[in-house]
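Novice: Below: sequence and its predicted model.
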Amino acid sequence: MLHISRVIRWSVLLAAACFTASLNAKPYKAGEIYSKQTYKYGRYEMRMRVAKGSGVLSTFFIYKNGSEVGNTFWEEVDIEVFGKNNATQWQSNVIIGSNRPTTKTEGVHTAPVSLGDGYHTYVLEWTPNYIAWFVDGGEVRRINGGQFVTSLTSNQDIRFNLWAANIAEWVGAFDPNILPVYQFVNYIEYRPYNASTGGFTTTGSWRDDFNTFDTNRWNKANWTFGENYADFDVNNALVKDGMLVLALTREGATGHTGTVPADNGTTPPVTVYIEAESFNEVGGSVTVSGGTVGYIDAGEWFKYNNINIPASGTYKVEYRVASAITTAQFTLDRNGVGLGTIGVPNTGGWGTYTTISHNVSLTAGVQSLAIYANSGGFNIDWIKLTKI
């Protein structure tokens, strides 16, 4: 479940100016900034370190201001990083529609490391033809055409926020004892889309390294909404040591003390992460349950379309698998050509998972990858490709 009541959330936002005094009664304070100008198709790149802790969300999103009013057509695209589970999961969303509740497409993605232990580079590409999300150079999700692309026609403002949600089934139960927590943003860069080339241009581009808080570009939020345990407080959106700092604190303890964690500039190896259950095509009767693919018999296969390999070279391909037998085996296939075959060991049971790997050679570009079962009897949770 994503947004139990986004409509309520943004209708409260709309009325914030009228209720600022009463909203400040909340015992916790959050931080948000939003752009004064609006932008359309383009490439949005940011480097940030997110907050850890159950119930906490660190976000970047673009949003058509006023979407929350009445039956106005809603337009929004999100990157939302969960603080729960050691900040290893995040969500990609597109939200559209005049009806309430709105229409959504949501993806939950698991990173190989905690996104709260260091800085990572996130990219959102929005064009008339597709929307794509990247982390550390690897494409994680792409939507080609369809209503979630073609319905986004308006300029959007740019927003970062850190807040605590009261929707435990979505983000985990909030524990105020973790406070204070922080989201740090090193920079954001915007490059407009060039329709004639189908790429992104430096003409009209800009970058904010947050050496100061640019009041010509950004506003600070001072409202709240029903699902937020905290008010947005202007003192919890600040620039310090060359970073944008968004804070989630108790009332009376706003801002940031201590040292802002440095960004050493290193980026993890190029990685492509695939949730096993996110296949686009299937041959056979495999079963998806609990985020895994199972009951895989010999000759069955499942394919992942539009996987973007960001660079040519050798990749270590890891699979999280389980089996209660010793004869299971499958092949990784690319566009109909086998890349390598690997055996699945007896892991001790169908619910006992281990990671196996082999190295394959891949060329850069968008392609289809598939798992083909040479012999059945295994479950698979995820696939990770890391350039070596």
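Specialist: Done, it's in. Here the structure is a predicted model, which means the values were calculated and not measured. Numbers count the residues shown, from 1 in each chain.
Novice: now the helices for this protein?
Specialist: 6-14, 20-23, 84-87, 147-150, 168-171 (DSSP state H).
Novice: Can you give me the buried ones in the third one?
Specialist: It stands for helix 84-87. For helix 84-87, burial by neighbour count (16 or more other CB atoms under 10 Å) applies to 84, 87. Backbone N, C-alpha and C define where each C-beta goes, glycine included.
Novice: Need the residues that contact that helix.
Specialist: 50-56, 58, 81, 114-117, 171-172 (CB atoms under 8 Å, 6 or more residues apart in numbering).
Novice: Can you list the low-confidence ranges for the stretch 101-250 of the chain?
Specialist: Within the stretch 101-250 of the chain, not a single segment meets pLDDT under 70.
Novice: OK, contacts around Met48?
Specialist: Met48 neighbours (CB under 8 Å, 6+ apart): 58, 60, 119-120, 122, 160, 183-186.
Novice: All the strands of the stretch 201-350 of the chain, residue numbers only.
Specialist: 206-208, 218-220, 230-232, 237-240, 243-250, 271-275, 281-283, 287-289, 292-294, 301-309, 313-323, 329-334, 337-343, 349-362 (DSSP state E, counting those that start in this stretch).
Novice: just so I know, which of those lies nearest Gly145?
Specialist: strand 301-309 (11.1 Å; CB to CB).
Novice: The closest one pairs with which strands?
Specialist: strand 281-283 (antiparallel), strand 365-375 (antiparallel) (DSSP bridges).
Novice: Deepest-packed of these, please.
Specialist: Greatest average neighbour count among these goes to strand 365-375 (a mean of 18), per mean count of other CB atoms under 10 Å.
Novice: Can you show me the CA trace of that one as CSV?
Specialist: The C-alpha trace of strand 365-375 is given here as CSV (Å, rounded to 0.1, in the frame of the first residue of the first chain):
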residue,chain,number,x,y,z
GLY,A,365,22.0,-0.8,-23.9
VAL,A,366,18.4,-1.7,-23.3
GLN,A,367,17.8,-5.4,-23.6
SER,A,368,15.7,-8.3,-22.4
LEU,A,369,17.0,-10.8,-19.8
ALA,A,370,15.3,-14.1,-19.0
ILE,A,371,15.7,-17.0,-16.6
TYR,A,372,15.2,-20.4,-18.3
ALA,A,373,14.9,-23.5,-16.1
ASN,A,374,17.0,-26.3,-17.6
SER,A,375,15.8,-28.4,-14.7
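Novice: residues making contact with it?
Specialist: 142, 274, 276, 281, 296-309, 327-335, 338, 341, 380, 383.
Novice: Just the buried ones out of those residues, please.
Specialist: Of the contacts of strand 365-375, these count as buried by 16+ other CB under 10 Å: 142, 274, 276, 296, 300-304, 306-309, 328-334, 380, 383.
Novice: Report the rounded mean pLDDT for stretch 253-262.
Specialist: Averaging pLDDT along stretch 253-262 yields 96.
Novice: in it, what counts as buried?
Specialist: Neighbour count says stretch 253-262 has 254-256, 260 buried, by 16+ other CB under 10 Å.
Novice: First-to-last residue distance for that stretch?
Specialist: Counting by CA to CA, to the nearest Å, you get 23 Å between the two ends of stretch 253-262.
Novice: for stretch 133-140, same thing?
Specialist: End residues of stretch 133-140 are separated by 6 Å (CA to CA).
Novice: ditto for stretch 316-329
Specialist: OK, stretch 316-329 end separation, CA to CA: 18 Å.
Novice: Select from the contacts of helix 84-87 the one having the most neighbours.
Specialist: Highest neighbour count within the contacts of helix 84-87: Val50, with 31 neighbours (other CB atoms under 10 Å).
Novice: show me what contacts it?
Specialist: Neighbours of Val50 in contact, by CB under 8 Å, 6+ apart: 58, 81, 83, 87, 115-116, 183.
Novice: so what's it scoring on pLDDT?
Specialist: pLDDT, Val50: 98.
Novice: can you start the count at 24 instead of 1 from here on
Specialist: Shifting the count to begin at 24 puts that one at Val73.
Novice: Not counting sequence-adjacent ones, nearest residue to it?
Specialist: Ser81 (3.6 Å; CB to CB, 6 or more residues apart in numbering).
Novice: Quick check: the gap between the one you found and Thr350.
Specialist: Distance from Ser81 to Thr350, counting by CB to CB, to the nearest Å: 45 Å.
Novice: can you check Gly313 too?
Specialist: Gly313 is 24 Å from Thr350, where distance means CB to CB.
Novice: returning to that earlier point: dump the contacts of Met71 into a markdown table; add distance to Thr126 as well.
Specialist: Converted to a markdown table, the contacts of Met71 look like this (distance: CB to CB, whole Å):
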| residue | distance to Thr126 |
| --- | --- |
| Ser81 | 25 |
| Phe83 | 21 |
| Tyr142 | 33 |
| His143 | 29 |
| Tyr145 | 24 |
| Phe183 | 25 |
| Gln206 | 28 |
| Phe207 | 33 |
| Val208 | 29 |
| Asn209 | 34 |
